[in-house]
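1. Need coordinates for the following:
(one chain, ligands or ions: 1)
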Amino acid sequence: MDLPLFLPFEARGLTQKPEWAEFAPRLETQWEDLSRRFLQLYGHREDAEAQLAELVAEAFAAWRARPAVFQERDRRRPPASLWFQSQEQVGAVAYVDRWAGDFRALEARVPYLKELGVTYLHLMPFFLAPENESDGGYAVSSYRHTDPRLGTMDDVQHLAQVLDKEGIVLVADFVFNHTSHEHEWALKAREGDPVYQGYYWLFDHKDETAPWQAGLRDIFPETRKGSFTWDTGLAKWVWTTFNSFQWDLNYSNPEVLRAMARELTSLANRGLGILRLDAVAFVWKQQGTNCENLPGAHTLIQLFQAVARLACPSLLFLSEAIVHPDDIARYISPAECQLSYNPLLMAELWEASATKEVKLLELSLRTRHALPAGTAWVNYVRCHDDIGWTFADEDAAQVGINGYDHRQFLNKFYTGDFDGTFSRGVSFQHNPDTGDRRICGSAASLAGVEKARLDEDPAALQTALRRLTLLYGIAYSAGGLPLLYLGDELGVENWYGYEKDPAMVKDSRWVHRPLWSDADAAKRHDSTTVAGRVFERLLTLSRQRKAHAVFGTQGLEVLATGHPSVLAYRKVLGNQRLTVVGNFSETPVKVWAGVSGRDLLGSLVQQAQHPLELPACGLVWLYEEVTSAR
Ligand code: OTU
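-> Residues are numbered from 1 along each chain as shown. Okay, here's the model as predicted:
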């Protein structure tokens, strides 16, 4: 890169500003990668260097505007401190309105979060969105304004500061693949403004979309076919990967990168500590491909990451890629996303629960769990989205499973359409052409709590509650940051209210977006209730995790148990040793695993020379401090 490093900034008088002194060293560190990546995407344009200089100047402006409290956080908590890998971290996620009402009311729930040991709070998209076409908040009409029913951006900033004092980082979505069709940019595009028409992928004739469409898959096939929508206001076709009201942004235009980088830094300057990068797979497009997981998507995210390093250096990115496990891994690095959802672990926890066999889960933990230094998984059991069976067919084949047939089985099992199923899930986005579908349902309903209650079967209920603990117990111990979907700690079942709401009825994901219930929460210390039984277990997971530094160890070693239903893994830190053993079958098992330790979740003290006995869906966290070297 022959662009003289500080020349354009000197000419603009930036280097004379007092804040430059702190900014410049960061720019020097970033410059080489930043400029190389920028030119990879935009080098063919005449204005590439000018655009790059603008991007940096805008990052500097954002840093200058950054409130002192968050600049202080930048110094205290850079990504290199690896704070997010600590055993003290426990995440939680909720919709503001459904969980608390609004931002102010949410502040009153902080003690509840503290009770659960939460240190990371992800609030589902709370931005301005079209009234009845919001895709659960993922159709954003402005990143600078909130849904007015929840409060204001000032309330968000206030909340971020309140949480910060309590040691809780606020996490929000950066929905950067698309805006809603009511975003100011979309409205200006509709008015014919060529600048804003250049922000989206627009086509005059359907024929022009055909060569693109050929490679694409339908993400919401029940909603519509094809990825392009005719917009009468524009009198053009617009690229809409998801819903017709979500317009894909055109990042082949560097002004779009710059505009979204400004939105990113403005969010960070409101106090958000982590941004969840929504739908990362789709952000870069290239004709002749399927437009998913392209190299350009990585370069683009790395550019956003570089902006974050310059303008808001404590900010972390969380990748949301629900794709093939090879592709998921490629988003995870300190230069791209420090954190990633772990949809493979999530899906395979449910897979093992259905099959009562852990071979696929074991294989993935052996071959796909390790991550690069400076990164971590976010391990979860349920989230606001459906469950897709995204394990690799080649992994499945290795353990004698046919991927296609297995997905069909899992879908039947989890929608309750299989003999002996414990689950009451709901189908999502059935595609008759491919036979594909995904699964919705709350963790409790999928794990068997709802069915056991309806069947009035206390033994099945006990197994279901243990299953829920088994799944969360793995999420809390596997290495990475565990993420609790609020409501799960009270065993909240499916919410069928969505069927009566015209704005929700076509999107079964609402079945597992729980409404806070004071009555359930009030029962949380009453061990005669389901809510109380689940809460107590989740609380134990959280407390024991926090009390033992070995949970901060990212890697694990899978142990052979000799039993098809029993998973075991070990984690080590100094002289601390944790052995996690879980039984996915619905019958008690006895395994000779040669493991020892004191169970952090119960009263068992296990000796290596004795067989380990586990009840149906039982889980132990065997802990010991090894005195002599082995
Ligand atoms: C994400 O999920 C969000 O989590 C969803 O809630 C949104 O609806 C969507 O993006 C659009 O913003 O399709 O079913 O392959 O498909 O990113 C969930 C991964 C989704 C994507 C995933 C997407």
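
2. Could you use CA atoms for every contact and neighbour count after this?
-> OK.

3. burial measure for the closest residue to V169 other than its chain neighbours, as a count.
-> Distances taken as C-alpha to C-alpha, 6 or more residues apart in numbering put Y120 closest to V169, at 4.7 Å, once the chain neighbours are dropped. Applying other C-alpha atoms under 10 Å, we find 26 residues neighbouring Y120.

4. For Y120, report the pLDDT, please.
-> Note on Y120: pLDDT of 98.

5. One more: W592?
-> For W592, the model assigns a pLDDT of 83.

6. Could you report the neighbour count for the residue of the stretch 101-250 of the chain found nearest the ligand?
-> Going by C-alpha to the nearest ligand atom, the ligand is nearest to Y138 of the stretch 101-250 of the chain, at 4.6 Å. Y138 has 26 neighbouring residues, counting by other C-alpha under 10 Å.

7. mind listing what the residue nearest to V169 touches?
-> Shown in contact with Y120 (C-alpha atoms under 8 Å, 6 or more residues apart in numbering): Q89, V90, G91, A92, I168, V169, L170, V171.

8. Tell me the spatial nearest neighbour of the first one, not counting adjacent residues.
-> Computed as C-alpha to C-alpha, 6+ apart, the closest residue to Q89 that is not its neighbour in sequence is T119, at 5.6 Å.

9. which sections of the stretch 151-300 of the chain are below the confidence cut-off?
-> Residues of the stretch 151-300 of the chain meeting the criterion pLDDT under 70: none.

10. List, one by one, the residues from it near the ligand.
-> I219, F242, D278, A279 (C-alpha under 6 Å from any ligand atom).

11. Farthest pair within these?
-> Farthest pair in these (C-alpha to C-alpha) is I219 and D278. Separation: 14.1 Å.

12. Please say which of those two ends up with more neighbours.
-> Each of I219 and D278 has its neighbours counted (other C-alpha under 10 Å); D278 has more, 20 against 16.

13. Got the phi and psi for that one?
-> phi -80, psi 140 (degrees, to the nearest 10).

14. need the contact list for it.
-> Here D278 is in contact with D173, F174, V175, F176, N177, S319, E320, A321 (C-alpha under 8 Å, 6+ apart).

15. quick one: which of the residues you listed is most hemmed in?
-> Counting by other C-alpha under 10 Å, top hit in the contacts of D278: S319 with 27 neighbours.

16. just the helices in the stretch 51-200 of the chain please.
-> 68-76, 96-99, 103-107, 110-115, 153-165, 184-190, 194-197 (DSSP state H, counting those that start in this stretch).

17. wait, is Y623 part of a strand?
-> Yes - counting by DSSP: H, G, I helix; E, B strand; the rest coil, Y623 is found in a strand.

18. Surely it touches L573?
-> No - applying C-alpha atoms under 8 Å as the test, Y623 and L573 come out as separate, 11.3 Å apart.

19. Which of those two has more residues huddled nearby?
-> Y623 (25 against 15).

20. What separation is there between the more buried one and R577?
-> With the distance defined as C-alpha to C-alpha, to the nearest Å, Y623 ends up 6 Å from R577.

21. Minimum distance to the ligand, which residue of the stretch 201-350 of the chain gives it?
-> The nearest approach of the stretch 201-350 of the chain to the ligand comes at A279, 3.4 Å away (C-alpha to the nearest ligand atom).

22. For that residue, list the residues it contacts.
-> V175, F176, N177, E320, A321, I322.

23. Surely the last one touches I328?
-> The reference is to I322. Yes - the criterion here is C-alpha under 8 Å, and I322 meets it with I328 at 7.2 Å.

24. distance between stretch 460-480 and the chain's centre?
-> 19 Å (C-alpha atoms, centre = their mean, to the nearest Å).

25. Can you list the buried residues in stretch 364-383?
-> 364-366, 369-371, 374-383 (16 or more other C-alpha atoms under 10 Å).

26. Equivalent analysis for stretch 35-48, please.
-> Buried positions in stretch 35-48, judged by neighbour count with 16+ other C-alpha under 10 Å: S35, R37, F38, L39, L41, Y42, A48.

27. is it fair to say the second one lies in a helix?
-> Put plainly, it is R37. Yes - R37 forms part of a helix when assessed by three-state DSSP.

28. That one touches T299, doesn't it?
-> Yes - the pair R37 / T299 is scored as a contact, 6.1 Å apart, by C-alpha under 8 Å.

29. Which one of the residues in the stretch 451-600 of the chain is closest to the ligand?
-> Closest point on the stretch 451-600 of the chain to the ligand, by C-alpha to the nearest ligand atom, is R509, at 8.5 Å.

30. follow-up on the earlier one: could you export the contacts of Y120 as TSV, including neighbour count?
-> TSV is the format used below for these (neighbours: other C-alpha atoms under 10 Å):
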residue	neighbour count
Q89	25
V90	26
G91	27
A92	22
I168	23
V169	22
L170	25
V171	27
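
31. which of those lies closest to N494?
-> Taking C-alpha to C-alpha as the measure, N494 sits nearest to A92 out of these, at 18.7 Å.

32. Wait, that closest one touches D488, no?
-> No - applying C-alpha under 8 Å as the test, A92 and D488 come out as separate, 10.2 Å apart.

33. Give me the helix or strand of the protein that scores worst on average pLDDT.
-> helix 7-11 (a mean of 80; mean pLDDT, DSSP states H and E).

34. mind listing what the residue nearest the centre of the chain touches?
-> The centroid of the chain falls nearest to Y341 when counting by C-alpha atoms, centre = their mean (4.3 Å). By C-alpha under 8 Å, 6+ apart, the contact set of Y341 is L318, S319, E320, A321, W377, V378, N379, Y380.

35. Mind checking which of these land in helices?
-> The members of the contacts of Y341 all map outside helices under DSSP state H.

36. Give me the subset of the residues you listed that also touch the ligand.
-> Applying C-alpha under 6 Å from any ligand atom to the contacts of Y341, those adjacent to the ligand are A321.

37. Turn the contacts of Y341 into JSON lines, including distance to L27 and pLDDT.
-> Below are those laid out as JSON lines (distance: C-alpha to C-alpha, whole Å; pLDDT from 0 to 100):
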{"residue": "L318", "distance to L27": "23", "pLDDT": "98"}
{"residue": "S319", "distance to L27": "24", "pLDDT": "98"}
{"residue": "E320", "distance to L27": "28", "pLDDT": "98"}
{"residue": "A321", "distance to L27": "29", "pLDDT": "97"}
{"residue": "W377", "distance to L27": "28", "pLDDT": "98"}
{"residue": "V378", "distance to L27": "30", "pLDDT": "98"}
{"residue": "N379", "distance to L27": "33", "pLDDT": "98"}
{"residue": "Y380", "distance to L27": "36", "pLDDT": "98"}
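
38. Sounds good, over and out.
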